[in-house]
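this is a predicted model, with the sequence first.
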Number of protein chains: 2
Amino acid sequence: MSNRYIGQPMKRQEDGKLVRGQGRYLADLPSENLLHLALVRSPYAHARLLSVDTSEALKCPGVVGVYTSSDLPELYAPASAPRDAHGIPHPLLARERVRYAGEPVVAVLATSEALAHDAAQQVFVDYEPLPAYPEPLQAETAPAIHPQLPSNVALTRKTVAGEVAEAFARAHTVVGGRLVQQRVAPSAMEPRGVLASWDGIREALTVWSSTQMPHDLRSAVAEKLGLAENQVRVITPDVGGAFGAKINVYPEEILVAYLARRLGRSVRWVEGRGESFGATIHGRAQVAELEMAFDAEGKILGLRGRVVADLGAYALETTLGNAPGTMLMLQGPYEIPALELEMLGVYTNATPTGAYRGAGRPEATYYLERLMDMGARALGLDPAEIRRKNFITGPFPYKTRTGARYDSGAYGEVLQKLLEVSNYPQLRAEQAQAKSQGRLLGIGLCSYVEITGYGWETGGVRINPDGSAVIFTGTSPHGQGTQNAFVQIVAERLGLPPERIRVVQGDTLAVPYGMGTAGSRTLSVGGSAVLKAADLVRDKVARIAAHLLEAAPEDIELLEQGWGVRGTDKAVPMEQIIATAFNPRKLPPGLEPGLEGQASFALKDANYPFGAHLAVVEVDPETGQVRILRYVAVDDCGVVVNPLLFEGQQHGGIAQGIGQALYEGIIYDEEGQNRTANYLEYALPKADQMPPMEPHRHQTPSPTNPLGVKGVGEAGAIAATPAVVNAVLDALGIAHLDMPLTPEKVWRALRR
Amino acid sequence: MSNRYIGQPMKRQEDGKLVRGQGRYLADLPSENLLHLALVRSPYAHARLLSVDTSEALKCPGVVGVYTSSDLPELYAPASAPRDAHGIPHPLLARERVRYAGEPVVAVLATSEALAHDAAQQVFVDYEPLPAYPEPLQAETAPAIHPQLPSNVALTRKTVAGEVAEAFARAHTVVGGRLVQQRVAPSAMEPRGVLASWDGIREALTVWSSTQMPHDLRSAVAEKLGLAENQVRVITPDVGGAFGAKINVYPEEILVAYLARRLGRSVRWVEGRGESFGATIHGRAQVAELEMAFDAEGKILGLRGRVVADLGAYALETTLGNAPGTMLMLQGPYEIPALELEMLGVYTNATPTGAYRGAGRPEATYYLERLMDMGARALGLDPAEIRRKNFITGPFPYKTRTGARYDSGAYGEVLQKLLEVSNYPQLRAEQAQAKSQGRLLGIGLCSYVEITGYGWETGGVRINPDGSAVIFTGTSPHGQGTQNAFVQIVAERLGLPPERIRVVQGDTLAVPYGMGTAGSRTLSVGGSAVLKAADLVRDKVARIAAHLLEAAPEDIELLEQGWGVRGTDKAVPMEQIIATAFNPRKLPPGLEPGLEGQASFALKDANYPFGAHLAVVEVDPETGQVRILRYVAVDDCGVVVNPLLFEGQQHGGIAQGIGQALYEGIIYDEEGQNRTANYLEYALPKADQMPPMEPHRHQTPSPTNPLGVKGVGEAGAIAATPAVVNAVLDALGIAHLDMPLTPEKVWRALRR
């Protein structure tokens, strides 16, 4: 492939619009004749529902209806659960019990959002509080919060490989302990929202949702409402961030669709900022007890322990996926000869958890990278050295003992590149010098391998008679700008100017099928489908050019002056080819008129991006405040189509990784009340806390797809957390502290 | 093909909705934030535009803008013209001169329709009246109304074949004279309308229009406004009739799109009922002077003369098409050894003319069928006998001397069938008996051949994961219900229940490309594309079934119990095939996931339906009132997919044909004022004037397409006019009277 467009840092077509505040999000959709939904949510984390008095609310101005679960058919949000797991689905409105603070109990519909919220205040619910178990270790042995289950343990998994007992018996050094991956809130800039409109004439429902998965939502709405999928159209307006949290089909989405159909109206719900802390999934939320055994040289002998995942109160579609994902990735980029790992997923009286940027990989990487640093410390090795000793060196594809199949890898090379671009030896020298001046400098490393891409995707390329083109993709991004990369692919293959190409996504009418945007699948799966579609068009273009030039189609190439035979002056401009394509009388026999390609691409095996990150921090001994002085990233996600998009993902992911390391964390009190349900208490990283970032890349093309790409959406969030934590602990000279490493926590540790 | 669905009289899916008044037409679209356009139209048929005073209008409440041509760029509605013709396009607003009464002069935008119309009354325009030439024979020699042309003759055509002078010299009998095809108003139940909305964020325009041609409108809007086609989406809501009149892209459609873009707003225009008489094209509007020569036996020796077509004041897209179409079809189903025909298209000070149900074929058929009856009368032959003597008997394809290529024909057979089913000999006996009682009974025949289908079309079939299906077609009907036939085709080929299939049409986003619905092209071109798409899906279904059954794909058939091998009990249900199609891990190698087929079909040659109609009328000698006692039709449009749709077209077409024969006619006075611009003056046929119809069919499959179908949309409008006129003249015993045969005209003729 040539380099006219692919590989170029082309600017995002939508940025002007977004920067000027002109995006059109769910809450911006025209609202003529809308009914607005407000939800009365449980103030208790666990309680019996005794009675609901809606009489006052029904008298409120503008109120059209007030609904409890007994006014609805028995409907649940969809839950995805492995066969051996207990996936308890989330009811649309609480039935008999509430199981977390924030669970929807009563739905109020009114003619304005304000009137709906006012009326919701006039709904009176009688609860009988029950003991709440918001923490997973506590819930593991507590009475089952779902009476139909024997306990709160919904999922158990075991991985045993090699001789673990023997490995630990002969170990020179064993490190480990309890490592907590705290609950965090995905915190998309735009909270969730959904608008549904029932067309009684066509018996069809249109649903606009701030979702990552329009086709999945369509299937869920159709199934739950007893409609055919061809009666439901899902459209995503601009979506202001999602980070995995908008994969799930939530109770509110089914509820709004149901009420719209029941009343034959348009109904909208827009999640409030504070509401979001309780109503949208949280991420991470695991407690690990892990040990790693090393020999005297620092070679890993074994890994053992267990991870308890906090599921929250119900299973949404991604709730039961994080824990198995953590297990899958717990070998990381290292040779680990023996493993014995146990995994539990436990229901708790807390907001359901689910996929959040990385979804399993950040947890696994954090555990491994903490253990590697603990090992280095115990053995007196440099953190770079101990990693180097243990890297998997191939051959690839490489099967791990945890069940992954790495398509490619160059773990030593990326670490080496990181050490070079960061000038690691000099950093260590500066650190030593600073120490002598009483300054606490720390250097943290993270080596990682992660998994991206899954499933299959459709892609389409349509050329209009005037030569403008449209790309159709079933991926459905939420701010990433991935569509710009698709434009580059099509421009490259067809020789069309990028500004003449538009992308249609997030529309189940216009796009045949799609699995949405998640798991960093967009480019390797969706991009490959678009490439295939472009090449179907390219093939037809070549056949038309060959016909016009009286040449053989296989000799036709895209030249400077048009499509022609290389080395000759015979070429036809694209305009003439398009005109011919739309005129059947001029087409060669056997070619149908029109210029459209529709393809799908199935990824047989996932791809496994990898990289190495380094953070340099300084800890203020007076205040415990951490300042990140440098942040260097070397990421290998295969071929890069647009370096700007690539770096954008690096920046954002690293920011979120830093957030978890230093600032963020959901805290429930003993009664299951979220004490951090606003941005005064819940500390998102701010711009002035971000270090200057030094993003680099290394390119090992992936053999899993024709573009040679892997995903990059989650790399930063995976690598930055351990890199920063390792750096802080390196500065402090302490084996471990649980995140977030807030000034208070660091200050107290310094005082110990 | 089996007969489970194809050929069955399945009811139209949309009828319940339409019968309950729940159709959603242009004027029913949500109108939040709309601006409404009202047009100030010229009261003069021909005048110089001296000055326009908009100051009072601008002060009117709700007015947002008032525009004259000098406020706009120089834009015109698109005109289609043959190379040798002068296609003068219609300006959006009159520039310097107005050329017909009703021409738009000033555009008023206001916040409601009523306010816009009120303000339009406050626009004062100064005109200097000029002599008007509303009649074509007058305009032919009058000063050019378009100063850039040498005369008003925009188009001339000549067809000469055989030895015409010699044929007329040796003729036994020559008949003919002036035959007028009066101007008629297409009179769709829903007038025209357009709504355009500019999305400044996406820089995209959505246009809803009551049009027959959404993709054509998209191209026109994009070109006129300097947008790319991928920035314009055209959607047709329900369209309440069109009859060819909504093929053209009209000035109002471009104007509304332009104003929406200019103001960054949504703008709507809905044509008023009275406005429609001036603003929407008229049909027919020809004056022929023709002679036919016969030998003593009644064999045609030759045809000569000229046809002058009244173009109206400007050329819209179909304005210059009727006259050549008339020429093409002027041989009809007859052997005519010698022809000399001249055709003129003349600009007049009248509303532009264009395609109206039949568009050229009704005119040609009327002339021929009148001449045949004149010949029969002059030679003392029975009208059936003289036709039988002259029919083309093949071989087919048959090339006419006028340039047509009949794909198939059985003209004698359909006439024979007509005579049998109507019991013609007995009818003649009854007529003779009635005459002896002083009753004026008349029997009229019409034999016809017409032309249907052109261009190419896209078709798509998508199966969703739940087994519901969507058909995509570029045809865009306006009440015909053709989509029901597409459902039958797909149900037949894929074994899906018809109620699980929906059709998407009239949307340039969802449909790759399309040429719309006109010229009775929908089934033979659009249906064939849908069939091809269904067969692409069928092929994939067979390959998946073969894989699941370990059989060969070519052995797989659709059986009662699913897809399997005939004669075995091996079969898999469609549900399992669909589940496999959406799961790449279960698919055989080489098959992409998904179940969607997209095809296009190009019609190489038009198809030529034919038939014979018979009317029995009784004339009241006291009042001149004509009553149709029987109406019998035998139409051959090839394979019939849905007999209900077929008969619906027969009924409607015959009704409009009767309307032209007996009631309808636009009358301009000497000053070019339309004296019939409302339904008190313009007499549409009413339900109680319709005879009981006896529709029959004859099926000669067309070799031009895989379905073997031809079009039927225009047959009735072509055949009924001459059949009824011939019957009335037969009753009166008069050689000719021009239409419409109103009681007054008949009464006066009886008195002569």
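Ah, there it is.

distance of A:Tyr424 from A:Leu75?
57 Å (C-beta to C-beta, to the nearest Å). Placement of C-beta: from N, CA and C, glycine included.

hang on, I meant A:Ser276
Separation of A:Ser276 from A:Leu75 (C-beta to C-beta): 22 Å.

between these two, which is the more surrounded one?
The neighbour count for A:Ser276 versus A:Leu75, taken as other C-beta atoms under 10 Å in any protein chain shown, is higher for A:Ser276 (21 against 17).

so when I look at that one, I'm seeing a helix, right?
Yes - counting by DSSP: H, G, I helix; E, B strand; the rest coil, A:Ser276 is found in a helix.

and A:Glu385, how far is that from chain B?
42 Å (C-beta to the nearest C-beta, to the nearest Å).

who's in contact with that residue?
A:Gly298, A:Ala376 (C-beta atoms under 8 Å, 6 or more residues apart in numbering or on different chains).

helix/strand/coil for it?
Under three-state DSSP, A:Glu385 comes out as helix.

ditto for the one 4 residues further on
When classified by three-state DSSP, A:Lys389 comes out as helix.

dihedrals phi and psi, the closest residue to it other than its chain neighbours?
In this structure, A:Lys389 finds its nearest non-sequential neighbour in A:Gly298, 5.1 Å apart by C-beta to C-beta, 6 or more residues apart in numbering or on different chains. A:Gly298 adopts backbone torsions of phi 100, psi 10, taken as degrees, to the nearest 10.

surely A:Ile578 and A:Pro593 touch.
No - using C-beta atoms under 8 Å, A:Ile578 is not in contact with A:Pro593; the gap is 11.1 Å.

low-confidence bits of the stretch 1-150 of chain A, can you list those?
Residue ranges of the stretch 1-150 of chain A with pLDDT under 70: A:1-2.

mind listing the helices for it?
A:15-19, A:55-58, A:113-120, A:136-141 (DSSP state H, counting those that start in this stretch).

out of these, which is closest to chain B?
Evaluated over those, closeness to chain B peaks at helix A:15-19, with 5.4 Å, by C-beta to the nearest C-beta.

which positions in the stretch 351-500 of chain A make contact with chain B?
Proximity of the stretch 351-500 of chain A to chain B (C-beta under 8 Å from any C-beta of the partner chain) is limited to residues A:Gly455, A:Trp456, A:Thr458, A:Arg462, A:Asn464, A:Pro465, A:Asp466, A:Ser468, A:Ala469, A:Val470, A:Arg500.

burial count for the fifth one?
The number of residues packed near A:Asn464 is 24, by other C-beta under 10 Å.

just give the closest residue to it, not the sequence neighbours.
B:Glu229 (3.9 Å).

and for the second one?
For A:Trp456, ignoring the flanking residues on the chain, the nearest one in space by C-beta to C-beta, 6+ apart is A:Ala602 at 3.7 Å.

list the contacts of that neighbour.
A:Gly455, A:Trp456, A:Val525, B:Pro584, B:Leu587, B:Glu592, B:Pro593.

which stretches of chain A have low pLDDT?
A:1-2.

would you mind finding the longest helix in chain A?
The residue-count maximum for a helix in chain A (DSSP state H) belongs to helix A:528-549.

list the helices and strands the helix or strand following that helix packs on?
Sequence-wise, the next helix or strand downstream of helix A:528-549 (DSSP states H and E) is strand A:556-559. Judged by 3 or more C-beta pairs under 8 Å, 6 or more residues apart in numbering or on different chains; DSSP states H and E, strand A:556-559 is in contact with helix A:528-549, strand A:562-565.

if you count neighbours, what's buried in the longest one?
Read it as helix A:528-549. Neighbour-count burial for helix A:528-549, counted by 16 or more other C-beta atoms under 10 Å in any protein chain shown, picks out A:528-538, A:540-549.
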